[in-house]
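Chemist: below is the sequence, then the predicted model.
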Amino acid sequence: MKADHRHELKTNELADWLEHFPQWAQENRTTLIAAGLAIVVLIGVYSWRFYRKDIDVRQHVQLTNLVTQVSAQRAQIAQAASQGTDQSVSLLPVAQDLQSFAQNSSNKGMAALALIKRAEALRAELHYRLTDATREEVAKQIAQAQTAYREALEKAASIPVLAATAELGLGLCDEELGNFAEAKAAYQKVAENADYDGTAAQAAAAHRLKTADDYKAAVIFPPAPAPTPTDAAASSPTVTLGQDGPAVPFKIETVEDANAPTIPTPDANDAAAPTAPTTETPAAEPNEAAGN
């Protein structure tokens, strides 16, 4: 009876609450609206954070692939040049892809890194060409690299590692244009900036500051010396056979039309050729010739 009574009381309370709910909702309308808005905002914030995190992950993967392409293509071009083979790989397309990534990325750090790698690709393309670039091509491409470095410095002003790398790149651009005074000033600025302490770019700037004057003059390699007669004679070895063969030294000469060296027959004037042994009958003594 007690259980049935309690169940009856709860049922009555629920019916009474439902009966008076419209009046309660009307009285607490402001509170209900505020609570509903709070729930919607919380759901929106959570969804946005999840979406942004997914975008950051995808952009990070994309940037990593682009940076890897720069290193791989540089290695491929260098290998083709060392082997003297034609190569159709160019760093300019990936440099353009890095520019597009930087423009579309909302992450300032990743955008700055993409711009720095773009500038490096533009500078490297000039050095990895199989043919010399004209002054106009060098000036135009270095100007594009300088623009990328400046944009990276603006985006990564609060990130010392990237900012130092961008300023170092500006110094390298000046050096490649022959502006050694401006380059040394840029290196000095990076080397003395306390915010860049411990960065690889600062160490590189300090080293470049010491060695910048070494790159002012062009490096000219002298022509290879002409071969001397002694070198020509040394290129034709001689072989002397042992005691089992003739005592005449044989000279091995390289014949251009043959695949293997030939051994010419020794000259008769150099030494007497060996002859087959002969049997001689001794001359008869005088007594034998006269008879007994």
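Modeler: Received the coordinates, thanks.

Chemist: can you show me the helices along the stretch 51-200 of the chain?
Modeler: For the stretch 51-200 of the chain, the helices defined by DSSP state H, counting those that start in this stretch occupy 92-104, 108-128, 135-155, 160-176, 180-192, 200-211.

Chemist: nearest to Thr31, of the ones you listed?
Modeler: Among the helices of the stretch 51-200 of the chain, the nearest to Thr31 by C-beta to C-beta is helix 108-128 (41.5 Å). In this view, the C-beta of every residue, glycine as well, is placed from N, C-alpha and C.

Chemist: the closest one versus helix 135-155: what angle between them?
Modeler: Angle of helix 108-128 versus helix 135-155, following axes from the mean of the first three to the mean of the last three C-alpha atoms, to 10 degrees, is 160 degrees.

Chemist: buried ones in helix 108-128?
Modeler: 108, 110-126, 128 (16 or more other C-beta atoms under 10 Å).

Chemist: please apply the same query to stretch 181-197.
Modeler: Counting neighbours by 16+ other C-beta under 10 Å, stretch 181-197 gives 183-184, 186-187, 189-191, 193, 196 as buried.

Chemist: contact partners of that stretch?
Modeler: The contact list for stretch 181-197 (C-beta atoms under 8 Å, 6 or more residues apart in numbering) reads 160, 163-164, 167-168, 170-172, 174-175, 201-202, 205-206, 208-209, 212.

Chemist: mind running it again at 7 Å?
Modeler: Residues from elsewhere that reach stretch 181-197 (C-beta atoms under 7 Å, 6 or more residues apart in numbering): 160, 164, 167-168, 170-171, 174-175, 201-202, 205-206, 208-209, 212.

Chemist: go through those and name the one nearest Glu136.
Modeler: Distances from Glu136 to the contacts of stretch 181-197, taken by C-beta to C-beta, are shortest for Asp174, at 17.9 Å.

Chemist: what number of residues lie near that closest one?
Modeler: Per other C-beta atoms under 10 Å, the neighbour tally for Asp174 reads 21.

Chemist: show me what contacts it?
Modeler: Contacts of Asp174 were listed using C-beta under 7 Å, 6+ apart, and they are 182-183, 186.

Chemist: show the pLDDT at it.
Modeler: Note for Asp174: predicted pLDDT of 94.

Chemist: ok, now Thr228?
Modeler: For Thr228, pLDDT reads 67.

Chemist: so what's the closest residue to Phe101 other than its chain neighbours up against?
Modeler: Nearest residue to Phe101 in three dimensions, chain neighbours excluded: Ala114, at 4.7 Å (C-beta to C-beta, 6 or more residues apart in numbering). Residues in contact with Ala114 (C-beta under 7 Å, 6+ apart) are 63, 98, 101-102, 105.

Chemist: can you do 10 Å?
Modeler: Contact analysis of Ala114 by C-beta atoms under 10 Å, 6 or more residues apart in numbering lists 59, 62-63, 66-67, 97-105, 107, 148, 151-152, 155.

Chemist: please apply the same query to Glu125.
Modeler: 73-74, 77, 90-92, 94-95, 133, 137, 141, 145.
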